[in-house]
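[1] one predicted model, sequence on top.
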Amino acid sequence: MNLYGVRAIYRFEMARTFRTIVQSIAAPVISTSLYFIVFGAAIGSRMAKVDGISYGAFIVPGLIMLSILTESISNGSFGIYMPKWSGTIYEMLSAPVSAVEVVLGYVGAAASKSVMLGTIILITARLFVPFEIVHPFWALAFLILTSVTFSLFGFILGVWADGFEKLQIVPLMIVTPLTFLGGSFYSINMLPPFWAKVALFNPVVYLVSGFRWAFYGVSDVQVGVSLGMTLLFMLACLGFITWIFRTGWRLKT
């Protein structure tokens, strides 16, 4: 493996992040902070506890996950789409860099940005609501695993997209609604039995539930199921990316 190629792509993508730090870091942190202020400090202080946890603290994992999912997809898709849009992807495909190195560079950078963003939001949340992390190792593991998985998914979207508007369709029209309906602001156990069962078809439920378990030791589904579903989705993304490079699908269009 040519680590120089991986390092070059990784450093280029990380440098782009710091050139647009207001858009890449500051904007998501500020918007999430507003959620903490409104739902955590203002409304949360007047709401009953959920699963024995104050409402302000209860929504912290869900809000972090909301930012992680959207930013991972955005970073992963934009990174590979820009070479397609500018035409420089032909240089990359003809360079002595393997598909594995390309994916490691782009996805590694996208996941690094998401982990960094999640850490900043976590620190920021502590300024608004008090909370403790019961399983810090698993919290970090879920954070990294989710960032990598959805950066891979974003990479697929970036290859699929043939216009800037398509880069926004899936995050805005599918991922964000699924996150809001996936237990970010409530426990699915609070839903009527029928809708609680329907919610289990939402993949984001497993991500939010596993991450919340790492914080407070409570979850809507078993943590093993949450971890398994996340790994399954990651493997599916890896399989699809492998097929993309074997067939050249959308890479040269």
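    Done, it's in.
[2] looking at the chain, which helix or strand does the model trust least?
    When the helices and strands of the chain are scored by mean pLDDT, DSSP states H and E, helix 89-94 comes last with a mean of 80.
[3] which elements pack onto that one?
    helix 60-86 (3 or more Cβ pairs under 8 Å, 6 or more residues apart in numbering; DSSP states H and E). Every residue, glycine included, has its C-beta placed from N, CA and C.
[4] give me the distance from the helix it packs on to the chain's centre.
    7 Å (Cα atoms, centre = their mean, to the nearest Å).
[5] do the same with stretch 14-34
    With Cα atoms, centre = their mean, you get 15 Å for stretch 14-34.
[6] and the contacts of it?
    The contact list for stretch 14-34 (Cβ atoms under 8 Å, 6 or more residues apart in numbering) reads 63-64, 66-67, 70-71, 75, 109, 112-113, 116-117, 120-121, 124-125, 128.
[7] check stretch 194-209 too.
    With Cβ under 8 Å, 6+ apart, stretch 194-209 has contacts from 61-62, 65, 69, 142, 146, 175, 178-179, 181-184, 188-189, 191, 219-221, 223, 225-226, 229-230, 233.
[8] buried subset of those as a PyMOL selection?
    Selection of the buried residues among the contacts of stretch 194-209 in PyMOL, burial being defined by 16 or more other Cβ atoms under 10 Å:
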select buried, resi 61+62+65+69+142+146+175+178+179+181+182+183+184+188+219+220+221+223+226+229+230+233
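[9] show me the contacts of stretch 194-209 that map onto strands.
    Taking DSSP state E, every one of the contacts of stretch 194-209 sits outside strands.
[10] from the contacts of stretch 194-209, which land in helices?
    In helices, defined here by DSSP state H, the members of the contacts of stretch 194-209 are 61-62, 65, 69, 142, 146, 178-179, 223, 225-226, 229-230, 233.
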